[in-house]
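[1] Pasted the sequence and its predicted model underneath.
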Amino acid sequence: MAASTNSECSFKVLKHVNIYAGRASEDFDWCSVVQQLCTLGCCSRCVLRFLGVPLSIILQPTEIIDEIVKHIIRKDDALQEEDAVVDGSDDVVTSAGICVACLGLLQDELNNMLLQQIIEKVQVEGFQYESFHCMFTLVPSIILREHALCNEVKKLSEEIRAEFDLKQFHNHVVSTKDVWKRLSGPLLEKQLQAPFKPFGAFSIEIALQYLEKETALTTIIAELKQKKPRTSWRTKNKRRQKEAFMQSIKDQTKEEATKEEATEEEALHANAEPPEESVGVHELRSFLKAMPDERFSELFDIKASRPSTGCTISSIKCVHDSLYVAGRYNKYSRSLCQTPWIIDGQKKMDTSVEEIITQPLSLAIPSDDTKFSSSGREDVDVRMLGAGRPFVIELVNPRKIHMCQEDMVKIQKEINVSSEDLRVTDLQVVTKLEIKVLKEGEESKTKCYLARCWSPLALTDDALQALGGTKNLVIEQKTPIRVLHRRTLSTRKRVVLEMQAVKIDEHHFSLELETNAGTYVKEFVHGDFGRTCPSLRTLLEADVDILELDVLSVNVDWPKSLTS
């Protein structure tokens with residue numbers, strides 16, 4: 001029964017390769033091609049790949065694949081008589097050793113070892129995931145060897161040479177990477193107990209290596225580099241140094257030993273010698289296509305380059321898409337900054353809004369990093385009252401993703417108990433798409449403020465009441481002096497939608513106002529030496545200063561309210 005199935009598969013293979021070949025006649029000598037590939041050291045899967053066989057057949061169990069290749073070598077005898085044997089065909093197919101084409105990636109013994117390493121790494125990392133996918137780049141040696149095999153097969157005859165023209169070869173051949181993913185996916189699914197999805201949120205990044213030195217490859221890459229514009233590694237190094245510096249600043253604020261060690265490692269990496277240059281798969285493949293066969297043969301002989309070892313894994317990195325947690329916070333202190341306040345590498349305040357919120361969250365949801373952002377920010381001496389300011393925290397590469405609302409309520413309580421200066425409400429998990437709503441509303445949102453003001457001039461009730469009739473007042477604000485060291489100098493138009501002043505005594509009054517996003521309220525009150533015009537000072541024709549400021553509301557309906 002098995003032999004009958006193999007004969008049927010062999011017939012389908014031969015029929016398919018004739019269709020794939022296009023110009024090949026019905027009696028095209030595929031048998032010679034298969035024998036040559038087997039003699040050179042290809043595994044059965046790579047033989048079928050080179051014939052342009054459909055993926056559905058290539059993914060059959062190894063025993064079936066081997067039998068299919070044997071039947072093709074037996075040619076017509078195998079299609080007519082199940083037990084026909086051509087001398088030596090079995091020995092050619094079942095020859096032991098690492099495949100010269102895939103370097104063992106598509107062979108059961110080596111692949112099972114690689115899969116076991118992947119499974120153990122994922123289990124040790126302790127990630128939660130609903131699906132997964134694998135990412136890896138083929139080692140250049142595989143591209144080199146595929147090209148060499150194609151060149152060797154072309155030497156058999158002119159007819160075969162036409163069929164293995166490199167311009168059409170890679171359009172019909174399933175890549176080693178695609179076969180590996182489809183072959184290994186079901187095996188990993190069983191062990192990791194999750195579906196293998198091409199665009200899943202959880203990715204397993206596998207770095208492959210081939211340790212046997214290949215002089216030809218080094219020479220080819222050097223020639224390739226000479227023929228293209230040089231990309232300076234220093235540009236990339238500057239980026240690494242900047243990232244390392246920013247990470248070191250953040251690590252100082254968190255005062256975590258593990259983070260400090262990571263920073264040192266990044267700094268060492270940033271100051272390291274330039275790495276050995278490498279090339280992309282498509283880039284190398286294109287260069288080899290353009291290289292004359294004679295030149296390539298001078299550099300590399302596939303017959304003398306049987307691999308003694310296969311591909312190995314140099315590193316495995318597990319990466320999950322970020323988890324986003326949103327909410328609103330109220331700040332009741334006039335000595336609490338929103339984010340860590342660092343000047344010249346020195347932390348100026350004990351804690352911040354960001355740290356108070358992220359620390360309990362990081363303990364509940366371990367991750368590689370946290371990124372805090374909010375709908376605007378208040379100064380350190382400004383309170384945030386009312387319904388609070390919307391914020392979102394991105395947990396980068398989180399180990400835990402299954403968080404129900406009860407979990408969020410528990411974390412919210414821990415945050416609120418940890419500080420009397422801060423209160424968090426509506427803490428919830430949100431999607432990346434929902435965050436766009438917050439960002440899109442940045443320019444259109446409005447804010448309401450309450451300012452306590454003072455004037456050396458005794459202000460009349462009539463003067464203050466006249467402010468209440470002011471609607472949609474357009475003002476021009478140059479970048480305030482107090483933030484000029486970190487903001488671009490420019491003049492911005494803002495709108496004071498409405499305001500209402502209430503007299504407290506002869507020299508003090510409260511001012512409630514609503515403005516659009518980005519208005520500097522302090523500067524609107526005192527004028528900032530004429531840099532904001534008009535200002536409350538010009539409207540009242542008196543010196544005015546601001547003593548205290550509170551944000552009453554940030555008028556953005558986000559995130560959704562969870563208050564009953």
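    Looks like it arrived, so ask away.

[2] Tyr329 is in contact with Ile357, correct?
    Yes. At 6.6 Å, Ile357 counts as touching Tyr329 under the criterion of C-beta atoms under 8 Å. In this view, the C-beta of every residue, glycine as well, is placed from N, C-alpha and C.

[3] show me where the stretch 301-450 of the chain has strands.
    Remark: strands assigned in the stretch 301-450 of the chain by DSSP state E, counting those that start in this stretch are 312-320, 323-331, 342-343, 346-347, 369-374, 383-396, 422-430, 446-454.

[4] just to revisit the earlier point, for Ile357 and Tyr329, indicate the residue with more neighbours.
    Legend: neighbour count by other C-beta atoms under 10 Å for Ile357 and Tyr329, higher for Ile357 (26 against 23).

[5] residues contacting the more buried one?
    Residues near Ile357 by C-beta atoms under 8 Å, 6 or more residues apart in numbering: 327, 329, 372, 391, 393, 415, 422, 424.

[6] Centre-most residue in this structure?
    In the chain, the centroid-proximal residue (C-alpha atoms, centre = their mean) is Asp321; its distance is 7.2 Å.

[7] For Glu440, see how far away it is.
    21 Å (C-beta to C-beta, to the nearest Å).

[8] same question, Asp178
    From Asp178 to Glu440 the distance is 39 Å (C-beta to C-beta).

[9] Also His147?
    As judged by C-beta to C-beta, His147 and Glu440 stand 50 Å apart.

[10] Neighbour count for those two, which is higher?
    His147 (24 against 10).

[11] Run through the stretch 351-500 of the chain and note the low-pLDDT ranges.
    In the predicted model, the stretch 351-500 of the chain carries no residue with pLDDT under 70.

[12] and the residue nearest to Leu562 when sequence neighbours are not counted, how many residues sit next to it?
    What sits nearest to Leu562 in space, not counting adjacent residues and going by C-beta to C-beta, 6 or more residues apart in numbering, is Asp426, at 4.8 Å. Counted by other C-beta under 10 Å, the residues lying close to Asp426 total 19.

[13] same deal with Leu105?
    Residues near Leu105, counting by other C-beta under 10 Å, number 27.

[14] out of the contacts of Ile357, who's nearest Ser314?
    Of all these, Ser314 sits closest to Ile393, with 33.3 Å by C-beta to C-beta.

[15] nearest residue to that closest one other than its sequence neighbours?
    For Ile393, the closest residue by C-beta to C-beta, 6+ apart turns out to be Val325, at 4.9 Å.

[16] So the one you found sits against Lys400, correct?
    No. The pair Val325 and Lys400 fails to qualify as a contact (C-beta under 8 Å) at a distance of 11.5 Å.

[17] show me the contacts for Leu106.
    Neighbouring residues of Leu106 by C-beta under 8 Å, 6+ apart: 43, 45-46, 99, 176, 179-180, 183.

[18] The nearest residue to the residue nearest to the centre of the chain once chain neighbours are set aside - how many residues pack around it?
    Excluding the flanking residues, the one nearest Asp321 by C-beta to C-beta, 6+ apart is Ala201, at 4.1 Å. Number of residues near Ala201 (other C-beta under 10 Å) recorded here: 16.

[19] Please apply the same query to Pro61.
    9.

[20] bridging residues for Lys478?
    Using DSSP bridges, the beta-bridge partners of Lys478 come out as Thr491.

[21] quick one: it from Ala542, how far?
    Using C-beta to C-beta, Lys478 is found at 22 Å from Ala542.

[22] Please identify which of those two sits among more neighbours.
    Lys478 (18 against 14).

[23] which residues touch that one?
    Here Lys478 is in contact with 489-492, 528, 531-532 (criterion: C-beta under 8 Å, 6+ apart).

[24] Of the residues you listed, keep whichever come out buried.
    Among the contacts of Lys478, those buried by neighbour count (16 or more other C-beta atoms under 10 Å) are 528, 531-532.

[25] Among those, which one lies nearest to Ser561?
    Nearest to Ser561, judged by C-beta to C-beta, of these is Thr532 at 34.7 Å.

[26] Quick check, the closest one in contact with Ile475.
    Yes. Assessed by C-beta under 8 Å, Thr532 is found in contact with Ile475 at 6.1 Å.

[27] list residues touching both of these two?
    Phe524.

[28] re the thing from before, which residues do Val325 and Lys400 both contact?
    Jointly contacting Val325 and Lys400 under the rule C-beta under 8 Å, 6+ apart are Ile365.

[29] When those two are compared, which one has more neighbours?
    Val325 (25 against 16).

[30] any idea how far Leu536 is from Leu59?
    Leu536 sits 75 Å away from Leu59, going by C-beta to C-beta.

[31] who's more crowded, the two?
    Each of Leu536 and Leu59 has its neighbours counted (other C-beta under 10 Å); Leu536 has more, 26 against 17.

[32] give the contact list for that one.
    Leu536 makes contact with 453, 467, 511, 524-527, 544, according to C-beta under 8 Å, 6+ apart.

[33] Leu115 versus Cys102, what's the distance?
    15 Å.

[34] For those two, indicate the residue with more neighbours.
    Cys102 (27 against 15).

[35] mind listing the strands for the stretch 451-564 of the chain?
    471-478, 491-503, 508-516, 532-533, 545-554.

[36] of all these, which lies closest to Tyr210?
    Among the strands of the stretch 451-564 of the chain, strand 545-554 comes nearest to Tyr210, with 56.2 Å by C-beta to C-beta.

[37] The closest one pairs with which strands?
    Strand 545-554 has these partner strands in its sheet, going by DSSP bridges: strand 383-396 (parallel), strand 446-454 (antiparallel).

[38] May I see those organised as TSV, with distance to Cys404 and mean neighbour count added?
    Output for the strands paired with strand 545-554, formatted as TSV (distance: least, C-beta to C-beta, whole Å; neighbours: other C-beta atoms under 10 Å):
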stretch	distance to Cys404	mean neighbour count
strand 383-396	16	21
strand 446-454	33	19
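
[39] What count of nearby residues applies to Ile411?
    As a burial measure, Ile411 scores 20 neighbours (other C-beta under 10 Å).

[40] so who does the closest residue to it other than its chain neighbours touch?
    Nearest residue to Ile411, sequence neighbours excluded (C-beta to C-beta, 6+ apart): Ala364, at 5.2 Å. Contact analysis of Ala364 by C-beta under 8 Å, 6+ apart lists 400, 403, 407, 410-411, 414.

[41] picking that back up, now render the strands paired with strand 545-554 as JSON lines, adding distance to Glu130.
    Shown next, in JSON lines, are these (distance: least, C-beta to C-beta, whole Å):
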{"stretch": "strand 383-396", "distance to Glu130": "16"}
{"stretch": "strand 446-454", "distance to Glu130": "39"}
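
[42] what about Pro186, distance to Leu192?
    Taking C-beta to C-beta, one finds Pro186 at 11 Å from Leu192.

[43] can you check Ile221 too?
    Distance, Ile221 to Leu192, using C-beta to C-beta: 35 Å.

[44] do the same with Val551
    For Val551 relative to Leu192 (C-beta to C-beta), the value is 48 Å.

[45] what do Ile357 and Tyr329 both touch?
    By C-beta under 8 Å, 6+ apart, Ile357 and Tyr329 have these common neighbours: 391, 422, 424.

[46] For the stretch 51-200 of the chain, which segments count as helices?
    In the stretch 51-200 of the chain, the segments counted as helices under DSSP state H, counting those that start in this stretch are 55-58, 62-74, 76-80, 89-93, 108-125, 140-154, 158-163, 166-172, 176-192.

[47] Would you mark the buried spots in the last one?
    For helix 176-192, the buried set under the neighbour-count rule, 16+ other C-beta under 10 Å, comprises 176-177, 179-181, 183-185, 188, 192.

[48] now the first one
    The neighbour-count check on helix 55-58 (16+ other C-beta under 10 Å) flags 57-58 as buried.

[49] Could you tell me which residues make contact with Leu284?
    140, 143-144, 220-221, 224.
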